[in-house]
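only geometry, no sequence info:
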């Protein structure tokens, strides 16, 4: 099969596209013919910073496709079924072998690109907002990096839950699109002091909850919280050193929570939540924006585009 791989970490140029050995269907899993690959933030960070597990490592977390083989111990999946999947590697390929507990059935009416992009972004956002952040109707939310995939998901989900939603975002076009998803106020971090803007927009109270996938903004996220507010840290897209003075947070009785979805998506309650959101996306109640599609053979260009451009939504590879 054709696949992308890399042998040493680095920029997008370390990725190659070539013929590799096809994966074997596990007895507790399925083999997919991949139709769409969502380039996740973790894919970019891992490629840039992490040594591959082995020579010719095929990267990638998220992909959707059609089941072409079913493991001997599997009784809830069948050949020809469309599913989306998550795993810690192997998505950037024509074929993917994955455990069934890391797959979700794609409902009728949902495009495969959207299905590939939903589990990590919307799963992370939902877990951050509700399972960890305990967001309730009427509270205020600040999303750092509102135009990122987790940000887009968090804005939609929090708006549906009855929250007032603020986000850091730049660019008039992106702000307009996010307002259509439920964004109440945009803060341009390039030209505004985020903490000052938050205090102005909340009449000096501060935020009930901040969701931060950026990392380099953590100090500002804590400063934007009200006393006893909550901060959910979900990533380090900014690749910062994450040095942080927590003494002010202690004095304000604030809570810092972490979310890493790699260890959560197989939990039954989280798995069911992703199923529910896939159904909402299929009926148009949630939107998963796709910024641009590339052929899998253009994988290096696709990674570069995802890193270098001011996108809104996911970049998708198509085998």
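All right, it came through fine. What you see is a predicted model; the values in this text were computed from it and never measured. Numbers count the residues shown, from 1 in each chain.

Could you point out the helix or strand that follows the strand or helix carrying residue 85?
Under DSSP states H and E, the secondary-structure element containing residue 85 is strand 82-86. Per DSSP H and E, strand 82-86 leads on to strand 95-99 as the next helix or strand towards the C-terminus.

Return the list of strands paired to that following strand, each annotated with direction.
Strand pairing for strand 95-99, using DSSP bridges, gives strand 29-39 (antiparallel).

average pLDDT for the partner strand?
Taken as a whole, strand 29-39 carries a mean pLDDT of 98.

Just the buried positions in the next helix or strand after it, please.
Next helix or strand after strand 29-39 toward the C-terminus (DSSP H and E): helix 41-49. Buried residues in helix 41-49, defined by neighbour count with 16 or more other CB atoms under 10 Å: 41-44, 46-47. Quick note: C-beta positions are derived from backbone N, CA and C, even for glycine.

Pick the one among those closest to residue 271.
residue 42 (19.0 Å; CB to CB).

what about the closest residue to that closest one other than its chain neighbours, how many neighbours?
Of all residues not flanking residue 42 in the chain, residue 61 sits nearest, at 5.8 Å (CB to CB, 6 or more residues apart in numbering). Counted with other CB atoms under 10 Å, the neighbours of residue 61 add up to 27.

per-residue confidence at residue 61?
On the pLDDT scale, residue 61 gets 96.

if I look at it, how far off is residue 300?
18 Å (CB to CB, to the nearest Å).

With residue 232 instead?
From residue 232 to residue 300 the distance is 33 Å (CB to CB).

which of these two has more neighbours?
residue 232 (27 against 18).

which SS class is the residue nearest the centre of the chain?
What sits nearest the mean C-alpha location of the chain, by CA atoms, centre = their mean, is residue 121, with 2.8 Å. Following DSSP: H, G, I helix; E, B strand; the rest coil, the label given to residue 121 is helix.

So which residues of the stretch 151-300 of the chain form strands?
Shown for the stretch 151-300 of the chain, the strands assigned by DSSP state E, counting those that start in this stretch span residues 164-168, 185-187, 207-212, 225-233, 255-258, 290-295.

Let's have those in a markdown table, adding mean pLDDT and distance to residue 265.
A markdown table is the format used below for the strands of the stretch 151-300 of the chain (pLDDT from 0 to 100; distance: least, CB to CB, whole Å):
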| stretch | mean pLDDT | distance to residue 265 |
| --- | --- | --- |
| strand 164-168 | 97 | 24 |
| strand 185-187 | 97 | 30 |
| strand 207-212 | 97 | 18 |
| strand 225-233 | 96 | 17 |
| strand 255-258 | 93 | 16 |
| strand 290-295 | 96 | 21 |
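
Mind putting these into CSV with distance to residue 310?
CSV is the format used below for the strands of the stretch 151-300 of the chain (distance: least, CB to CB, whole Å):
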stretch, distance to residue 310
strand 164-168, 13
strand 185-187, 14
strand 207-212, 19
strand 225-233, 23
strand 255-258, 27
strand 290-295, 10
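
Deepest-packed of the ones you listed, please.
strand 207-212 (a mean of 28; mean count of other CB atoms under 10 Å).

Remind me what that strand packs against, helices and strands.
With contacts taken as 3 or more CB pairs under 8 Å, 6 or more residues apart in numbering; DSSP states H and E, strand 207-212 sits against strand 140-143, helix 149-160, helix 218-224, strand 225-233.

what's the angle from the longest one to strand 29-39?
Put plainly, it is helix 149-160. 90 degrees (axes from the mean of the first three to the mean of the last three CA atoms, to 10 degrees).

residues contacting the closest residue in space to the residue nearest to the centre of the chain that isn't next to it in sequence?
Residue nearest to residue 121 in three dimensions, not counting chain neighbours: residue 149, with 3.8 Å by CB to CB, 6+ apart. Contacts for residue 149 (CB atoms under 8 Å, 6 or more residues apart in numbering) come out as 40-41, 117, 120-121, 313-314.

which stretches of this structure have low pLDDT?
237-242, 309 (pLDDT under 70).

Break it into its domains for me.
2-106+289-318, 121-262 (automatic domain parsing).

Nearest to residue 273, out of these?
domain 121-262 (5.6 Å).

Would you pull up how far the closest one lies from the middle of the chain?
Taking CA atoms, centre = their mean, to the nearest Å, one finds the center of domain 121-262 at 15 Å from the center of the full chain.
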